[in-house]
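Peer 1: need a 3D model of the following:
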Amino acid sequence: MSFLRRLADDVRRPGFDMMIAEATQAGQAPALVGCAFGFPVRRDGSWWQGFSGALPQDVEQLTASGRVFAISEIVVHPHERDRGLAGHLQERLLTSHQASLGATLVDQADRVSCAAFRSWGWQDIGEFRWPPGPTVLRVLVLPIGERSAAKPDGLVHNADAEPPRGADAMGPGVR
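Peer 2: A predicted model of the protein is given here:
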């Protein structure tokens, strides 16, 4: 039931979006085989409250520019896992929102999920405690962009990532 609770909470967030994948077998109706959903991170940085330590400057800059999208959940049918469906769903979701950075929180005790996200290119940038309690979450980010010698992290470091001049720094009302 925690999946349904998270979905019900997130669907109310401004900018919520979900990508789904269906598969069709001969003579059968399409069947849901995967989904990924999330929402834009507020420009005011409030989503990061609970982050332990200093937030990396690039992440802070992209948050202020409105270019960070939080992936809340990725679910893929076991028969589809080896086909790259999870990576495709997250990529479509992030690019459809013109995000420069994906962000997610994963329970550090869930080693399988942490390993899966890392195998899809997500980078661990620290830990997060929210709400205050014993559960420690790993903060993972996925830079969207080409990596090069000048940009080894793949993050955008240019005027496009700056907050618009004179724009309200507050984004949609999300965590």
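Peer 1: most remote residue from this structure's center?
Peer 2: Relative to the average C-alpha location in the chain, and by CA atoms, centre = their mean, no residue lies farther out than Gly27, which sits at 35.9 Å.
Peer 1: what bridges to the residue nearest to Leu62 when sequence neighbours are not counted?
Peer 2: Ranked by CB to CB, 6 or more residues apart in numbering and with sequence neighbours excluded, the top spatial neighbour of Leu62 is Leu101, at 4.8 Å. From N, CA and C alone the C-beta is placed, and that goes for glycine too. Following DSSP bridges, Leu101 is listed with bridge partners Val68, Pro143.
Peer 1: for the chain, what spans make up the strands?
Peer 2: Counting by DSSP state E, the segments of the chain that form strands are 17-23, 31-40, 68-76, 101-107, 123-128, 137-143.
Peer 1: what's the spacing between Leu89 and Ile74?
Peer 2: Computed as CB to CB, to the nearest Å, the Leu89 to Ile74 distance reads 6 Å.
Peer 1: what touches both of these two?
Peer 2: Taking CB atoms under 8 Å, 6 or more residues apart in numbering as the contact criterion, the common neighbours of Leu89 and Ile74 are 34-36.
Peer 1: among those, who's most crowded?
Peer 2: The most neighbours of any of these, using other CB atoms under 10 Å, belong to Ala36, which has 25 neighbours.
Peer 1: what bits of the protein have low per-residue confidence?
Peer 2: Within the chain, the stretches falling below the threshold (pLDDT under 70) are 1, 81-82, 131-132, 145-175.
Peer 1: can you do 50?
Peer 2: Applying pLDDT under 50 to the predicted model, the residue ranges of the chain that meet it are 147-149, 151-175.
Peer 1: could you pick out the longest helix of the chain?
Peer 2: Across the chain, the longest stretch assigned as helix under DSSP state H is helix 85-96.
Peer 1: CA atoms only: put it into PDB for me.
Peer 2: Only the C-alpha atoms of helix 85-96 are listed here, as PDB (Å, rounded to 0.1, in the frame of the first residue of the first chain):
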ATOM      1  CA  LEU A  85      12.700  -0.200 -19.900                       C
ATOM      2  CA  ALA A  86      13.400   1.600 -16.500                       C
ATOM      3  CA  GLY A  87      16.100   3.700 -18.100                       C
ATOM      4  CA  HIS A  88      13.900   4.600 -21.000                       C
ATOM      5  CA  LEU A  89      11.000   5.600 -18.800                       C
ATOM      6  CA  GLN A  90      13.100   7.900 -16.600                       C
ATOM      7  CA  GLU A  91      14.800   9.400 -19.600                       C
ATOM      8  CA  ARG A  92      11.500  10.200 -21.300                       C
ATOM      9  CA  LEU A  93      10.100  11.600 -18.100                       C
ATOM     10  CA  LEU A  94      13.100  13.900 -17.500                       C
ATOM     11  CA  THR A  95      13.400  15.100 -21.100                       C
ATOM     12  CA  SER A  96       9.700  15.800 -21.400                       C
END
